[in-house]
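In: Sequence unavailable; structure follows:
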């Protein structure tokens with residue numbers, strides 16, 4: 001310890017400097033230390049004035065809201081009610097609304113109809129036909145459609161929509177239009193009962209009584225086959241759709257004039273010819289009427305399912321037999337074997353030629369009869385014109401001199 005004390009005793013400190021910090025205390029120093037306090041006081045006064053100014057602004061705004069809340073505001077109460085009417089809609093059952101699909105799943109689709117909550121389209125209400133997913137009928141996110149409100153979900157107050165209801169309405173309207181036009185339509189037989197068969201037309205299930213079926217086929221044989229039909233009764237309110245195959249067949253048969261060209265489908269082949277379906281009526285295209293050239297094997301020319309144009313040769317209404325020909329439609333002999341496309345392109349032209357030849361033959365037959373009946377007052381001139389005038393003939397008579405040949409050789 002003594003040695004340590006001796007060491008400290010021997011230490012010498014350097015004298016204090018004569019800098020400003022080493023000078024003794026003076027009043028000048030006191031004035032310097034008071035400057036920050038004065039500055040803080042000035043800042044505090046400025047903040048107080050700013051607060052007072054903001055308070056005045058707020059009080060003025062509060063008073064203006066209390067006394068004149070709509071002053072200087074362009075959006076008034078009338079505008080508010082108008083906006084409500086623009087985006088509000090009738091949500092009663094049966095009301096039609098437009099919406100955009102924004103989500104789909106196995107249960108259906110969610111639809112934005114600008115209501116307070118999204119609406120739901122169930123998969124069973126999305127189409128008049130049975131489907132498993134709404135996207136099968138093109139209902140994907142982003143698609144805009146018109147729906148009809150059919151209910152309300154009690155759990156979340158969301159609306160339940162339907163497309164099927166609208167589709168059925170359109171189908172009934174279409175059937176009424178077709179009935180008014182008295183046209184023949186195709187119907188697919190899907191079922192049968194003790195009174196008749198059930199056929200689908202325009203998506204609706206119609207009833208065809210057995211008394212209105214002209215075919216000899218049994219009900220079971222008609223299942224999944226298309227048959228021509230006409231409308232007998234269209235009653236949407238009673239959900240009654242009654243159809244007739246007999247009326248449709250009678251209409252088709254009335255159009256089967258000799259020499260007319262019809263479109264047909266090959267149903268079956270036999271050694272003696274092919275059976276052709278021409279609008280629900282089966283006609284026979286005999287092997288001898290296929291082409292001017294000999295056809296040894298019908299299968300080399302026709303196959304079941306082929307579509308072709310044929311000409312009516314004869315129609316036995318009592319027996320329900322129709323004879324057909326493609327030979328009469330050949331521009332040149334053998335075209336049906338070598339170039340059937342050309343035959344079908346020239347079918348109407350060749351049929352017209354055939355009808356002219358038939359008319360010429362009938363006129364000549366009548367003229368021959370008139371030669372032996374001079375009391376009728378009709379004669380046949382050397383130019384081939386039948387006259388004089390009767391109530392059945394034009395003034396110039398029938399000109400039979402320019403009938404072309406049926407087959408170009």
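Out: Right, received. Where do you want to start? In this text the structure is predicted, and so the values were computed from the model without any measurement.

In: What are the boundaries of the helices in the protein?
Out: Along the chain, the stretches classed as helices by DSSP state H are 2-9, 27-67, 77-87, 164-181, 219-222, 245-254, 335-338, 340-345, 347-371.

In: any idea how far residue 246 lies from residue 204?
Out: Taken as C-beta to C-beta, to the nearest Å, the spacing of residue 246 relative to residue 204 amounts to 20 Å. For the C-beta atoms, the positions are set from N, CA and C on the backbone; glycine is no exception.

In: Kindly report the same for residue 262.
Out: 28 Å.

In: next one: residue 269
Out: If you go by C-beta to C-beta, the gap between residue 269 and residue 204 works out to 36 Å.

In: cool, and residue 184?
Out: Separation of residue 184 from residue 204 (C-beta to C-beta) stands at 17 Å.

In: neighbours around the closest residue in space to residue 166 that isn't next to it in sequence, how many?
Out: Take residue 166 and drop its neighbours on the chain: the residue closest to it by C-beta to C-beta, 6 or more residues apart in numbering is residue 148, 5.6 Å away. As a burial measure, the neighbour count of residue 148 was computed by other C-beta atoms under 10 Å and equals 17.

In: which residues does residue 227 bridge with?
Out: For residue 227, the residues forming beta bridges with it (DSSP bridges) are residue 187.

In: tell me the contacts of it?
Out: For residue 227, the contacting residues are 186-187, 189, 199, 208, 215, 245, 248, 280, taking C-beta atoms under 8 Å, 6 or more residues apart in numbering as the criterion.

In: From residue 155, how far out is it?
Out: Looking at residue 227 against residue 155, where the rule is C-beta to C-beta, the gap reads 47 Å.

In: can you check residue 129 too?
Out: In this structure, residue 129 and residue 155 are separated by 29 Å, where distance is defined by C-beta to C-beta.

In: Same question for residue 67.
Out: The spacing between residue 67 and residue 155, counted by C-beta to C-beta, is 47 Å.

In: Check residue 95 too.
Out: With C-beta to C-beta as the criterion, residue 95 and residue 155 are 21 Å apart.

In: These two: which is more packed in?
Out: Just comparing residue 95 and residue 155: by other C-beta under 10 Å the higher neighbour count belongs to residue 95, 13 against 6.

In: Just give the closest residue to that one, not the sequence neighbours.
Out: According to C-beta to C-beta, 6+ apart, the nearest residue to residue 95 is residue 149 (5.0 Å).

In: pLDDT weak spots in the stretch 1-150 of the chain?
Out: With pLDDT under 70 as the threshold, the stretch 1-150 of the chain has low-confidence stretches at 1-44, 69-90, 116.

In: right, and residue 98 touches residue 113 too?
Out: Yes - under the criterion of C-beta atoms under 8 Å, residue 98 is in contact with residue 113, at a separation of 7.2 Å.

In: shared neighbours of those two, which are they?
Out: Overlap between the neighbourhoods of residue 98 and residue 113 consists of residue 147, taking contacts as C-beta under 8 Å, 6+ apart.

In: These two: which has the busier surroundings?
Out: Neighbour count, other C-beta under 10 Å: between residue 98 and residue 113, residue 113 has more, with 18 against 12.

In: on that earlier part again, write down the beta-bridge partners of the residue nearest to residue 166, one by one.
Out: Here residue 148 sits in beta bridges with residue 96, residue 162, going by DSSP bridges.

In: which residues sit in contact with it?
Out: Contact partners of residue 148, counting by C-beta under 8 Å, 6+ apart, are 94-97, 161-163, 165-166.

In: Just give me the neighbour total for residue 51.
Out: Look at residue 51: counted by other C-beta under 10 Å, it has 10 neighbours.

In: Would you check how far apart it and residue 57 are?
Out: Using C-beta to C-beta, residue 51 is found at 11 Å from residue 57.

In: just residue 93 next, same as before
Out: Taking C-beta to C-beta as the criterion, residue 93 is separated from residue 57 by 54 Å.

In: Residue 292 too?
Out: In this structure, residue 292 lies at 108 Å from residue 57, with C-beta to C-beta as the measure.

In: can you check residue 160 too?
Out: From residue 160 over to residue 57 the distance is 53 Å, taken as C-beta to C-beta.

In: Which one's more surrounded, those two?
Out: For residue 160 versus residue 57, the count of surrounding residues by other C-beta under 10 Å is larger for residue 160: 17 against 9.

In: Could I get the contacting residues of the more buried one?
Out: Contact partners of residue 160, counting by C-beta under 8 Å, 6+ apart, are 119-122, 125, 149-153.

In: Now tabulate these in a markdown table and tack on neighbour count and distance to residue 361.
Out: Converted to a markdown table, the contacts of residue 160 look like this (neighbours: other C-beta atoms under 10 Å; distance: C-beta to C-beta, whole Å):
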| residue | neighbour count | distance to residue 361 |
| --- | --- | --- |
| 119 | 22 | 72 |
| 120 | 19 | 72 |
| 121 | 26 | 67 |
| 122 | 16 | 68 |
| 125 | 21 | 64 |
| 149 | 22 | 69 |
| 150 | 17 | 67 |
| 151 | 14 | 72 |
| 152 | 15 | 76 |
| 153 | 12 | 77 |
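
In: So which of those belong to strands?
Out: 119-122, 149-152 (DSSP state E).

In: Tell me, please, where in the stretch 251-400 of the chain the pLDDT is lower than the cut-off.
Out: Residues of the stretch 251-400 of the chain meeting the criterion pLDDT under 70: 252-255, 279-280, 317-320, 369-400.

In: Could I get the ones in strands among the contacts of residue 160 in JSON lines, plus columns for distance to residue 349?
Out: What follows is the ones in strands among the contacts of residue 160, written out as JSON lines (distance: C-beta to C-beta, whole Å):
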{"residue": "119", "distance to residue 349": "59"}
{"residue": "120", "distance to residue 349": "60"}
{"residue": "121", "distance to residue 349": "54"}
{"residue": "122", "distance to residue 349": "56"}
{"residue": "149", "distance to residue 349": "58"}
{"residue": "150", "distance to residue 349": "56"}
{"residue": "151", "distance to residue 349": "61"}
{"residue": "152", "distance to residue 349": "65"}
